[in-house]
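Peer 1: Need coordinates for the following:
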Amino acid sequence: MKSHSDFVGTLRKRVNSYFEDKSIDKDGGTSIVVKTIVMFLMYLVPYAFIISGMVTNPYLYIGLWVLMGFGGVGIGVNVMHDANHGAFSKSAFWNKFFGKSVNLIGGNATTWKIQHNVLHHAFTNIDGMDHDLEGPSFLRFSPHQKLRWFHRFQHIYAWFFYGFQTISRAIITDFTSAVTFRKLNLIRKRSEYRKLLLNITLGRLFYFSYALVTL
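Peer 2: Okay, the predicted model is just below:
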């Protein structure tokens with residue numbers, strides 16, 4: 001335990017020194033504000049054109065969908081991720097506010113933080129603990145998982161299936177994750193568990209109520 005404590009302490013000092021020496025703001029600063037504006041515009045502006053009825057060209061319609069997809073990915077990777085790590089702003093309010101932007105792209109902030117901040121970062125690449133390694137049988141993320149003949153091609157076909165991850169998460173994954181986290185005692189109180197299920201349900205109603213309008 002002492003060696004672990006020494007490692008963590010030394011690592012924290014070196015990281016802090018890096019930011020201080022480079023004069024880099026650990027809370028994002030101006031760059032993250034610019035990224036946030038750009039990503040939300042990439043997501044919301046195409047959406048506005050799609051539902052406006054002004055776009056009749058099918059190729060332009062598909063192009064707007066694609067641009068909206070890149071915007072959604074940008075919100076997840078560049079905004080929600082940093083906010084739920086507490087690194088978007090020095091303000092806890094803004095971190096929580098933009099952390100919930102995951103609801104806009106079909107996710108849930110609470111289940112994401114448990115899966116990513118707790119299980120992934122505490123048990124990175126440890127099979128059976130890091131839930132980022134879990135996936136359907138046709139994807140293999142760990143040498144400890146069963147090797148099948150078609151896995152040699154997953155670097156080709158995985159990209160196609162990644163596109164369905166948002167749909168899968170929006171429909172079922174957050175619900176099953178909540179059940180799993182409850183069993184693992186990561187959600188201890190029954191009231192918190194019920195509140196989370198209600199929060200996921202309301203988030204899905206919000207997501208599908210606006211997302212299906214584009215179809």
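Peer 1: Tell me where this structure is predicted with low confidence.
Peer 2: 1-5, 214-215 (pLDDT under 70).
Peer 1: So the residue minimising distance to the centre of the chain versus E192, what's the distance?
Peer 2: Nearest residue to the geometric centre of the chain (CA atoms, centre = their mean): G76, 5.0 Å. Distance from G76 to E192, counting by CB to CB, to the nearest Å: 24 Å. All C-beta spots, glycine's among them, are computed from the backbone N, C-alpha and C.
Peer 1: Counting neighbours, what do you get for the nearest residue to the residue nearest to the centre of the chain once chain neighbours are set aside?
Peer 2: For G76, ignoring the flanking residues on the chain, the nearest one in space by CB to CB, 6 or more residues apart in numbering is I105 at 5.7 Å. Neighbours of I105 under the rule other CB atoms under 10 Å: 21.
Peer 1: The one 3 residues further on too?
Peer 2: Here the number of neighbours of N108 (other CB under 10 Å) works out to 27.
Peer 1: G128: what secondary structure?
Peer 2: Classification of G128 using DSSP: H, G, I helix; E, B strand; the rest coil returns coil.
Peer 1: burial measure for the closest residue to it other than its chain neighbours, as a count.
Peer 2: Spatial nearest neighbour of G128, excluding adjacent residues (CB to CB, 6+ apart): H144 at 7.9 Å. Look at H144: counted by other CB under 10 Å, it has 12 neighbours.
Peer 1: mind checking the SS state of H144?
Peer 2: coil.
Peer 1: my guess is it contacts I126, does it?
Peer 2: No - when contacts are counted by CB atoms under 8 Å, H144 is not listed as touching I126 (9.2 Å).
Peer 1: Can you get me a residue count around the closest residue to A170 other than its chain neighbours?
Peer 2: Of all residues not flanking A170 in the chain, G106 sits nearest, at 3.5 Å (CB to CB, 6+ apart). Other residues lying near G106 total 23 when counted by other CB under 10 Å.
Peer 1: Let me know whether G106 touches Y207 as I believe.
Peer 2: Yes - between G106 and Y207 there is a contact under CB under 8 Å: 4.9 Å.
Peer 1: Overlap in contacts, the two.
Peer 2: Common neighbours of G106 and Y207, using CB atoms under 8 Å, 6 or more residues apart in numbering, are A170.
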